[in-house]
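Participant: Need coordinates for the following:
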Amino acid sequence: MKYTLDKHEKYVLIILEEKKLNSLISPKLKSEMILMNTEGIRNIILDLSQVLYSDSSGLSSLLVGHRLCKNSVGSFIISGLSENVERLIHISQLQDVLSITQSVEEAIDLLFMEEIERDLNRSEE
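Facilitator: Have a look, this model is predicted:
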């Protein structure tokens with residue numbers, strides 16, 4: 001699996017450098033996200049702008065990322081979806097489950113807004 005990791009203070013950006021997110025790539029992506037999560041990373045942005053195709057195992061890896069971040073009170077945001085991948089997400093009715101943005105910049109903005117919201121909710125408790 002070819003990818004780039006860009007670690008920041010509040011989040012990690014994973015840029016998947018593959019044309020397909022399928023059963024060959026998906027298990028590696030899942031294990032990478034699980035490893036990050038066990039290291040304490042709770043906010044992940046996944047840039048799929050180079051991915052042209054995904055199958056059900058690819059969707060499964062997106063749901064794993066979503067679950068890991070949600071369980072650790074973080075954010076999992078996907079950006080840069082191709083038309084094919086976006087169609088698959090809509091067919092699977094996951095567009096309301098997953099956080100999706102057009103660009104990495106929008107994903108970063110959304111992540112920081114969600115962090116502020118979580119901080120406010122914590123201070124009200």
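Participant: Just the element for the nearest residue to residue 89 once chain neighbours are set aside, please.
Facilitator: Residue nearest to residue 89 in three dimensions, not counting chain neighbours: residue 95, with 5.5 Å by CB to CB, 6 or more residues apart in numbering. C-beta coordinates here come from the backbone N, C-alpha and C atoms, glycine included. Under the assignment given by DSSP states H and E, residue 95 is not contained in any helix or strand.
Participant: can you give me the helices in the protein?
Facilitator: For the chain, applying DSSP state H gives helices covering 26-38, 56-71, 83-91, 104-124.
Participant: what would these look like in CSV with mean neighbour count?
Facilitator: Rendered in CSV, the data for those read as follows (neighbours: other CB atoms under 10 Å):
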stretch, mean neighbour count
helix 26-38, 17
helix 56-71, 18
helix 83-91, 14
helix 104-124, 13
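Participant: Same list as before, those that is, but in a markdown table and with distance to residue 20 and mean pLDDT included.
Facilitator: Compiled in a markdown table, the helices of the chain are given as follows (distance: least, CB to CB, whole Å; pLDDT from 0 to 100):
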| stretch | distance to residue 20 | mean pLDDT |
| --- | --- | --- |
| helix 26-38 | 10 | 97 |
| helix 56-71 | 8 | 97 |
| helix 83-91 | 10 | 96 |
| helix 104-124 | 20 | 94 |
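Participant: Before I go, just wanted to say thanks for your time.
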